[in-house]
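S.K.: Okay, sequence plus prediction incoming.
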Amino acid sequence: MSSKLPLSPFDVESFLKTLRPKAKVVDCLKKNIIFIQGETADSVFYTQKGTVKLTVTSDQGKEAVIAILNSGSFFGEECVGDQGLRMITASAIVDCRLLQIAKSAMVSALHQHHSFSDFFIAYLLSRNIHYEADLADKLFNSVEKRLARILLSLCRYGNNGPPKRLVPKISHETLAQMVGTTRPHVTAFMNKFRKLGFIEYSDGLEVHSSLINVVLHD
């Protein structure tokens, strides 16, 4: 599990409301594309509700999952750093409610409101630590450990705030892309976790805290 920097109690939701009309609410249905790799990068998104998948596609057409973002996450912030084109594709895993913030409004807010810029920098650092931990996980740990860690992360174990036992509905194919393995391997380990009582299927996929034993086991 990755460590995370503690974020300040800054009320980001209330602050973002002050950016309107240059920030608008966008409802995105399950499986819809939010933006595509190669498009003009002209806004930042904030997830108010739902789960978003970030992917990148190689020149050969191979797709890899970069991250799964829950509510309270920013994405598309590359435009703030003068990146003219989207480097990734963002899509909705479930029905989402997003706040789309124009680049000009985001840049102005970061320059003029130090409490927001402090929060945003802490958020980006925390997420970068998480990405580095994901990379190390893929380099050094087994498929079983990587899958367990991803499931725990999706339930926000080790994150700020209380964990959620119910995982957003994600296909085994997507989990395989995140882990860096094949769908049959993911299915086999998911069946193993279920038999051991680490996960169960009811209204959705429920993850028990006991799954952390897989991550901690040498």
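M.R.: Arrived safely. Residues are numbered from 1 along each chain as shown.

S.K.: Now Phe10: phi and psi?
M.R.: According to degrees, to the nearest 10, the main-chain angles of Phe10 amount to phi -60, psi 130.

S.K.: which non-adjacent residue is nearest it?
M.R.: What sits nearest to Phe10 in space, not counting adjacent residues and going by C-beta to C-beta, 6 or more residues apart in numbering, is Phe119, at 4.1 Å. Glycine gets a C-beta too; all of them are placed from N, C-alpha and C.

S.K.: wouldn't that neighbour be in contact with Pro9 here?
M.R.: No: applying C-beta atoms under 8 Å as the test, Phe119 and Pro9 come out as separate, 9.3 Å apart.

S.K.: The longest helix that the chain contains: how far from the chain's middle?
M.R.: When the chain is parsed with DSSP state H, its longest helix is helix 114-140. Computed by C-alpha atoms, centre = their mean, to the nearest Å, the chain-centroid distance of helix 114-140 equals 11 Å.

S.K.: Counting neighbours, what do you get for the residue nearest to Lys103 when sequence neighbours are not counted?
M.R.: Spatial nearest neighbour of Lys103, chain neighbours left out: Cys79 (4.7 Å); criterion: C-beta to C-beta, 6+ apart. By the measure other C-beta atoms under 10 Å, the count of residues near Cys79 is 20.

S.K.: One more: Ala90?
M.R.: Each residue near Ala90 was counted by other C-beta under 10 Å, and the total is 24.

S.K.: quick one: it from Glu200, how far?
M.R.: Ala90 sits 30 Å away from Glu200, going by C-beta to C-beta, to the nearest Å.

S.K.: next one: Ser108
M.R.: Distance from Ser108 to Glu200, counting by C-beta to C-beta: 48 Å.

S.K.: One more: Asp11?
M.R.: If you measure Asp11 against Glu200 using C-beta to C-beta, the figure is 36 Å.

S.K.: tell me the domain ranges of this protein?
M.R.: Domain assignment of the chain by automatic domain parsing yields the ranges 12-126, 141-216.

S.K.: Who are the contact partners of the residue most central in space within the chain?
M.R.: With distances taken as C-alpha atoms, centre = their mean, Leu69 lies nearest the centre of the chain, 2.0 Å away. Contacts for Leu69 (C-beta atoms under 8 Å, 6 or more residues apart in numbering) come out as Thr47, Thr51, Val52, Lys53, Leu54, Phe75.

S.K.: Let's see if you can find the most crowded of those.
M.R.: For the contacts of Leu69, neighbours were counted using other C-beta under 10 Å, and Val52 has the most, 24 neighbours in all.

S.K.: shouldn't that residue be in contact with Ala90?
M.R.: Yes: counting by C-beta under 8 Å, Ala90 is a contact partner of Val52 at 5.7 Å.
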